[in-house]
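**Q** below are the sequence and a predicted model; questions follow.
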Amino acid sequence: MLQATELSGGYGSGLIVRGVSFSVQKGELFGILGPNGSGKTTLLNMISGLTRPESGTVAVKGKMVDSYTPKELARVVAVLPQMTSSQFAYTVKETVSLGRYAHQTGFFKSWTQEDETAVQEAMKQTGTSSFAEKPLSALSGGERQRVFLAQALAQEPEILLLDEPTNHLDLSYQKELLDLLKSMTANGLTVISIFHDLNLSSLYCDRLLLMDAGQIHTIGTPADIMVEQHIQDVYDTDVQKQPHPEVPKPQMSLLPNMPALAEVDIHEGLLEHQPDYIAIRPPVPLKALSSGVIGAGWGWRSAFVNRHVDKSYNMEHFEEEAAAFFAGKGFDLNETVGMMTAVKMEDAAWRMERQEDVSVFAVATAGVGNAVDVTQPRSSWKKQITPGTINIWVFANGKLSEEAFVQGLMTATEAKVKALADAGVTDRETGTMATGTSTDSLLIAATQRGAYQQFAGSITPLGIAIGRAVYEAVTESLQKTTKRRENL
Ligand SMILES: Nc1ncnc2c1ncn2[C@@H]1O[C@H](COP(=O)(O)OP(=O)(O)OP(=O)(O)O)[C@@H](O)[C@H]1O
């Protein structure tokens, strides 16, 4: 649809854009990224024919841009116009109607039904119909931006060129505009747009071109561009990549400059003992990965609670009931990991283990009424879920990689299984050694301060500390719950 070949040029002396070549296919949403002054607008102006390149060519639908008459080109390529104050006296509809000039023919340039339909449709698509008769001067910056988009759409182009179209738009209009562009590209419109927001461009664009000092740094899919090193090289800024929670597109988070943080230790002294729960409210939020009833998954958490419930506890609506309980005790549900167990809180056990430059504080409540050997065949859903469970908390006093978090979960699980084996716990249904219970829960939380721990496998300092602390805490809690059962 559009082919740029060896484009170079600028303003008078000196080249701003140097040797840029790329092609855009029909129906693509193609993003141009790059720092301030890297030449994005200059490149877009060359594509639209506004600026003549010093050398190189732009072909639109196989024909050189400079061989189109302005009107011919305007029927194919629309540019989101830049706002000027002289336009403020026009109404919204008049402004949008200007987009039709390329389609008007004949000396008197009469307004046809087709023109009217295109204008109405463009206003509808951009949500500007309701203020059609208002002057532009009476609109907010975001509303004006949408009016100019409507003007470009009224042109009914095949290629739409946009320079930071989400400028001035609030979150919901940014999404609406990009959803609209995406649906229009699905219907064959080709969109080439400059973006400043890396994450939005990664979410919506099919391909991206990353400019650096007038040249192409990288061109490719969002996954090709959203590489920490590329972004750091071009923007000279520290970023960290993570997956979008729902869409397979990478996202970048800025890493602010932070003062060196004082080390914090999670230890026994922080344990809060209540008759029906134990809790830790650490002095700083901890980065956590858990399977808690509340606060599962990744998050920064400022409270950890393990709550005792009776064996007859109705599990049917346990999520709502648990949320109400934790909130009632003053825990912020957005920042809390909450677990539940039939184990009495007096039977909780904990252990601190230090290994080289890292320490681990583990807390366990180990009830094995529902002990299961996961390696045995069985029907997949239990007849009756009862709250008999092993809940394990692993607090690591160190800075953990994501790899270490995942390995930490493995190491803690291995330690739990060994504790069960050594205690001779069996699966009642199969008579074989139990590997856990039917509803075990696990948390690993780290201060993210202190020595960096890349790994938490079984022979690393962190892994050894986790293995020892979890084994001892689970074993002691098992002894306590077993004793309580025997005394009944
Ligand atoms: N009309 C002009 N005359 C002279 N120099 C210009 C003109 N417009 C831009 N420049 C210069 O060209 C360089 C690239 O500008 P351009 O606007 O293309 O960058 P950009 O990547 O779009 O930047 P931004 O992200 O800030 O919008 C800048 O150094 C700028 O000062």
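**A** Looks like it came in fine.
**Q** give me the buried positions along the host helix or strand of A223.
**A** Secondary-structure assignment from DSSP states H and E places A223 in helix 222-225. Residues of helix 222-225 classed as buried: 222, 225 (neighbour count, 16 or more other Cβ atoms under 10 Å). Where C-beta positions appear, they are placed from N, C-alpha and C, glycine not excepted.
**Q** what do you get for stretch 322-333?
**A** By neighbour count on 16+ other Cβ under 10 Å, the buried set for stretch 322-333 is 322-323, 325-326, 329, 331.
**Q** tabulate the residues you listed (TSV), appending secondary structure and pLDDT.
**A** Compiled in TSV, the buried residues of stretch 322-333 are given as follows (DSSP: H, G, I helix; E, B strand; the rest coil; pLDDT from 0 to 100):
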residue	secondary structure	pLDDT
A322	helix	89
A323	helix	90
F325	helix	93
F326	helix	92
K329	coil	94
F331	coil	95
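**Q** just the residues contacting the following helix or strand past the helix holding A223, thanks.
**A** Downstream of helix 222-225, the first helix or strand assigned by DSSP H and E is helix 228-235. Contact with helix 228-235 is made by 34-35, 38, 198, 210-212, 217-218, 237-241, 252, as judged by Cβ atoms under 8 Å, 6 or more residues apart in numbering.
**Q** what about the next helix or strand after helix 228-235, average pLDDT?
**A** Once the chain leaves helix 228-235, the next helix or strand it forms, by DSSP H and E, is strand 239-243. Per-residue pLDDT values across strand 239-243 average out to 92.
**Q** strands along the stretch 251-400 of the chain, start to end?
**A** Secondary structure of the stretch 251-400 of the chain (DSSP state E, counting those that start in this stretch): strands at 271-273, 277-280, 286-290, 297-301, 303-308, 336-341, 349-355, 358-366, 371-372, 390-397, 399-400.
**Q** so which of those comes closest to the ligand?
**A** strand 297-301 (32.5 Å; Cβ to the nearest ligand atom).
**Q** who in the stretch 1-150 of the chain is up against the ligand?
**A** By the rule Cβ under 6 Å from any ligand atom, the part of the stretch 1-150 of the chain lying against the ligand is 11, 16, 34, 36-42.
**Q** list only buried entries from the residues you listed.
**A** For those, a burial check counting by 16+ other Cβ under 10 Å picks out 16, 34, 38-42.
**Q** biggest separation within these, which pair?
**A** Largest separation among those by Cβ to Cβ: I16 and G34, giving 11.7 Å.
**Q** spell out which residues are contacts of both of these two.
**A** Joint contacts of I16 and G34 (Cβ under 8 Å, 6+ apart) do not exist.
**Q** the nearest residue to E272 once chain neighbours are set aside pairs with what?
**A** In space, and not counting its chain neighbours, E272 is closest to A279: 4.5 Å by Cβ to Cβ, 6 or more residues apart in numbering. Listed by DSSP bridges, the beta-bridge partners for A279 are E272, V305.
**Q** again, but for G436
**A** G436 forms beta bridges with V372, as assigned by DSSP bridges.
**Q** so it touches A371, yeah?
**A** Yes. Counting by Cβ atoms under 8 Å, A371 is a contact partner of G436 at 7.5 Å.
**Q** can you pull the residues that touch both of these two?
**A** L420.
**Q** quick one: average pLDDT of stretch 471-481?
**A** pLDDT averaged over stretch 471-481 gives 97.
**Q** what residues are up against Q215?
**A** 17-20.
**Q** so for G269, what pLDDT did the model give?
**A** The model's pLDDT for G269 equals 97.
**Q** so what's N199 closest to, chain neighbours aside?
**A** That would be Q251: by Cβ to Cβ, 6+ apart, it lies 4.7 Å from N199.
**Q** measure P377 to T435 for me?
**A** Noted for P377: a distance of 14 Å to T435, by Cβ to Cβ, to the nearest Å.
**Q** same question for G27.
**A** G27 is 52 Å from T435, by Cβ to Cβ.
**Q** those two: which is more packed in?
**A** Using other Cβ atoms under 10 Å as the criterion, G27 and T435 rank with T435 on top: 19 against 15.
**Q** now that one: phi and psi?
**A** phi -110, psi -10 (degrees, to the nearest 10).
**Q** contacts only, for it.
**A** 372-375, 417, 420.
**Q** mind putting the buried ones among the residues of the stretch 1-150 of the chain next to the ligand into JSON lines with secondary structure and pLDDT?
**A** Below are those laid out as JSON lines (three-state DSSP; pLDDT from 0 to 100):
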{"residue": "I16", "secondary structure": "coil", "pLDDT": "94"}
{"residue": "G34", "secondary structure": "coil", "pLDDT": "97"}
{"residue": "S38", "secondary structure": "coil", "pLDDT": "96"}
{"residue": "G39", "secondary structure": "coil", "pLDDT": "95"}
{"residue": "K40", "secondary structure": "helix", "pLDDT": "96"}
{"residue": "T41", "secondary structure": "helix", "pLDDT": "94"}
{"residue": "T42", "secondary structure": "helix", "pLDDT": "94"}
